[in-house]
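Participant: generate coordinates for the sequence data below:
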Amino acid sequence: MDGVDEGSLARLFRAALDGDERAYGDFLHETARLVRAWARRRAFGGPDPEDIVQETLLAIHVKRHTWRCDGPVTPWVYAIAKHKLVDALRRQGRHSRIEIGELEDRLAAEEPETVRDWEIGRALETLTPGQRSVVTAISVEGRTIAETARSLDMNETAVRVALHRGLAAIARRFGRD
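Facilitator: Prediction:
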């Protein structure tokens, strides 16, 4: 979670909802930092990450009453940020134009390892053989739904269902509903 304690962030937001202005300022500052890092990773070559941060903070302010005080706050924040990113991408259109020079540093740099191979294997072991084949083909190998359906002799709807159920099973198993 980028170094922020979920419990302290939730406590800040609860205090903010109870009228503590300082807690609200601290909550927004920490939330902006989280969303900024998240948006920079996902909006490259697309909308300005800072626009996503600002729109997310505004939406949080407007929709603050929708957060369940007994639940975690970061999934709620990231869901809002995701919707704001999608909105920005839709406004931008399908095709963004960037110069190759803008990509040189990122393409040359090695991507940091976020999940080890053994962790992926461990997650896949929890699935049924059919789900494992679909999740591996799409999420690990990067195949499309259509390619996966052809290679596994399934229809595309069945592939989508198996993918959804497999990812949901992994999320449940590893505590990320």
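
Participant: domains of the chain?
Facilitator: Following automatic domain parsing, the chain resolves into domains at 6-92, 117-173.

Participant: so can I have TSV of the ones you listed showing mean neighbour count and mean pLDDT?
Facilitator: Every residue, glycine included, has its C-beta placed from N, CA and C. Converted to TSV, the domains of the chain look like this (neighbours: other C-beta atoms under 10 Å; pLDDT from 0 to 100):
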stretch	mean neighbour count	mean pLDDT
domain 6-92	16	88
domain 117-173	15	86
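
Participant: so which strand or helix has the residue nearest to residue 60 when sequence neighbours are not counted?
Facilitator: Closest residue to residue 60 apart from its sequence neighbours, by C-beta to C-beta, 6 or more residues apart in numbering: residue 80 at 6.0 Å. Counting by DSSP states H and E, the element that carries residue 80 is helix 74-92.

Participant: what is that helix packed up against?
Facilitator: helix 21-42, helix 49-62 (3 or more C-beta pairs under 8 Å, 6 or more residues apart in numbering; DSSP states H and E).

Participant: what angle do it and helix 21-42 make?
Facilitator: 50 degrees (axes from the mean of the first three to the mean of the last three C-alpha atoms, to 10 degrees).
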